[in-house]
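A.B. asks: Here is a sequence together with a model predicted from it:
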Amino acid sequence: MDELTMVAETFDEGGPSALETGEGRRRLEELMRPAVPEPRKRPWRLRFGLGLGLAAAATAAVVATASLGDGGANPVLPKEQAAEQHLQARTFLLAAATKLEAGTSPKAGRFWRQRTLRGQAWHVVSEDGGYVIYTEVESDAWQPGTGPGRGHFAEKANPAGPRTPEDMAAWRKAGSPTRWRAEADGDRLDLTRDGKPLEPHRPGYVLDPSTDPPSVESRIASGADPAAFVALVRRDAGFVDGSANELMTGARYIGDKLAAPKSRAAVLRMLAGLSGIRSVGTVQNACGRTGVGLAGPWVERADGSVVEYQLVLDPNTNDVLGDQMVLKKAGKTGMRAGLRFDYTCTLSEGWTNETPPRD
């Protein structure tokens with residue numbers, strides 16, 4: 001029985017690109033090989049989400065595969081291998097920029113609609129070491145186009161609970177509770193299986209009325225000039241310094257399909273120039289889609305854990321499929337290595353001429 005079936009039963013409720021040539025395919029195969037970075041020591045706390053606009057097809061029934069990687073000790077790449085993995089990422093990003101720049105913006109409609117899924121892991125403490133549960137929230141945002149209209153925003157929580165077989169087993173051993181005292185990075189919450197969505201903590205252009213998102217017109221205008229668009233990326237505030245933060249920030253901009261293709265391509269080229277950006281091979285996003293994973297240098301947190309930010313790109317369309325934080329080395333939080341503990345993906349995105357639901 002696969003993990004999705006286990007969860008469903010437990011909570012049973014209602015033009016060729018450069019990479020497509022022979023040489024390009026060889027490069028793409030190289031991109032699939034995993035890279036192992038040297039950790040960078042910095043104090044760092046988990047933030048509740050990263051706010052991307054992504055392109056992934058999924059449904060509410062889809063849950064994330066929560067265990068990734070081998071989570072071993074901190075290996076250090078030889079300089080030659082590290083340089084090779086960086087070259088793989090740079091090659092991919094530059095090819096993606098060339099392909100994207102040749103594209104066109106989507107034809108405008110009455111509303112720009114974006115449905116997103118975001119999730120976070122929480123550790124439930126128990127006498128035998130505890131287990132991990134996930135909270136997930138689906139958001140449905142409708143923004144009026146360049147003409148008059150009234151937007152709409154709705155949010156709902158998916159049932160909270162364990163996701164992996166080992167966590168399912170530990171949860172059942174604990175009596176299959178539906179209420180938990182859980183924690184993540186020092187934040188402790190009382191969670192319930194059918195609780196309301198947690199308070200949003202997602203800046204960027206994943207739309208949320210509590211954060212006063214920019215209008216469609218302003219997003220189109222700010223994304224019209226490549227140089228100005230890159231300048232926005234460079235000055236955007238982040239919470240991790242260095243290349244890891246610039247990759248996170250840049251991801252939000254290359255995922256904004258309201259920006260001109262040439263502007264998004266300029267951001268891809270900016271990312272290609274960052275030091276420490278690596279290919280991490282074939283990666284699956286939280287909605288089950290597989291793409292090329294790009295990551296920044298590992299970050300060592302104050303609790304001794306080591307984390308990796310991953311950006312997942314479709315090698316055919318160069319769309320952003322997802323982003324996620326992966327725990328590469330366990331610390332004192334109680335969460336095991338290999339865990340995907342924070343993620344975002346988009347269930348659907350684009351222009352529509354339909355009428356949004358009434359609030």
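C.D. replies: Yes, it's here. Residues are numbered from 1 along each chain as shown.
A.B. asks: C-alpha only now, for contacts and for neighbours.
C.D. replies: OK.
A.B. asks: Please pull up the helix or strand immediately following whichever strand or helix holds Ala170.
C.D. replies: In the assignment (DSSP states H and E), Ala170 maps to helix 165-173. Using DSSP H and E, the helix or strand that follows helix 165-173 in sequence is strand 179-184.
A.B. asks: strands paired with that following strand, and their directions?
C.D. replies: strand 111-124 (antiparallel), strand 187-192 (antiparallel) (DSSP bridges).
A.B. asks: tell me which element Ala266 falls in.
C.D. replies: helix 261-272.
A.B. asks: nearest spatial neighbour of Val306, skipping sequence neighbours?
C.D. replies: Glu300 (4.3 Å; CA to CA, 6 or more residues apart in numbering).
A.B. asks: Distance of the one you found relative to Arg358?
C.D. replies: 46 Å (CA to CA, to the nearest Å).
A.B. asks: now Thr104
C.D. replies: For Thr104 relative to Arg358 (CA to CA), the value is 32 Å.
A.B. asks: How about Leu93?
C.D. replies: Counting by CA to CA - Leu93 and Arg358 are separated by 41 Å.
A.B. asks: the more surrounded of those two?
C.D. replies: A count of neighbours by other CA atoms under 10 Å puts Leu93 above the other of Leu93 and Arg358, at 24 against 8.
A.B. asks: Show me what the host helix or strand of that one is packed up against.
C.D. replies: Element membership of Leu93 [criterion: DSSP H and E] is helix 79-101. Judged by 3 or more CA pairs under 8 Å, 6 or more residues apart in numbering; DSSP states H and E, the packing partners of helix 79-101 are helix 22-31, helix 261-272, strand 278-284.
A.B. asks: pLDDT weak spots in this structure?
C.D. replies: Applying pLDDT under 70 to the chain flags residues 1-78, 198-213, 237-241, 359.
A.B. asks: ok, the residue positioned nearest the centre of it - contacts?
C.D. replies: For the chain, the residue lying nearest the average C-alpha position, counting by CA atoms, centre = their mean, turns out to be Asp323 (1.7 Å). By CA atoms under 8 Å, 6 or more residues apart in numbering, Asp323 lies in contact with 50, 52, 285, 309-312, 343-345.
A.B. asks: ranking those residues by neighbours, who comes first?
C.D. replies: Leu52 (32 neighbours).
A.B. asks: Can you say which of the strands paired with strand 179-184 is packed in most?
C.D. replies: strand 111-124 (a mean of 25; mean count of other CA atoms under 10 Å).
A.B. asks: any idea of the angle that one forms with helix 165-173?
C.D. replies: With axes from the mean of the first three to the mean of the last three CA atoms, to 10 degrees applied, the angle from strand 111-124 to helix 165-173 works out at 60 degrees.
A.B. asks: Run through the strands of the stretch 251-359 of the chain in chain order.
C.D. replies: 278-284, 290-295, 299-300, 306-313, 320-329, 340-352 (DSSP state E, counting those that start in this stretch).
A.B. asks: out of the ones you listed, which comes closest to Ala227?
C.D. replies: Ala227 lies closest, by CA to CA, to one member of these: strand 320-329, at 21.1 Å.
A.B. asks: how about the CA coordinates for that closest one, as PDB?
C.D. replies: C-alpha atoms of strand 320-329 as PDB (Å, rounded to 0.1, in the frame of the first residue of the first chain):
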ATOM      1  CA  VAL A 320       8.500  26.300 -11.000                       C
ATOM      2  CA  LEU A 321       7.000  23.100  -9.800                       C
ATOM      3  CA  GLY A 322       7.600  23.700  -6.100                       C
ATOM      4  CA  ASP A 323       9.900  24.700  -3.300                       C
ATOM      5  CA  GLN A 324      10.700  22.900  -0.100                       C
ATOM      6  CA  MET A 325      13.000  22.900   2.900                       C
ATOM      7  CA  VAL A 326      14.600  19.500   3.600                       C
ATOM      8  CA  LEU A 327      16.300  18.600   6.900                       C
ATOM      9  CA  LYS A 328      19.700  17.100   5.800                       C
ATOM     10  CA  LYS A 329      21.000  16.500   9.400                       C
END
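A.B. asks: and that strand with strand 290-295, angle?
C.D. replies: 60 degrees.
A.B. asks: hang on, the earlier thing: go through the helix holding Leu93 and flag the buried ones.
C.D. replies: 82, 84-100 (16 or more other CA atoms under 10 Å).
A.B. asks: what do you get for stretch 172-179?
C.D. replies: For stretch 172-179, it's none, nothing buried (16+ other CA under 10 Å).
A.B. asks: What is the end-to-end distance of that stretch?
C.D. replies: 13 Å.
A.B. asks: Over to stretch 331-343?
C.D. replies: 19 Å.
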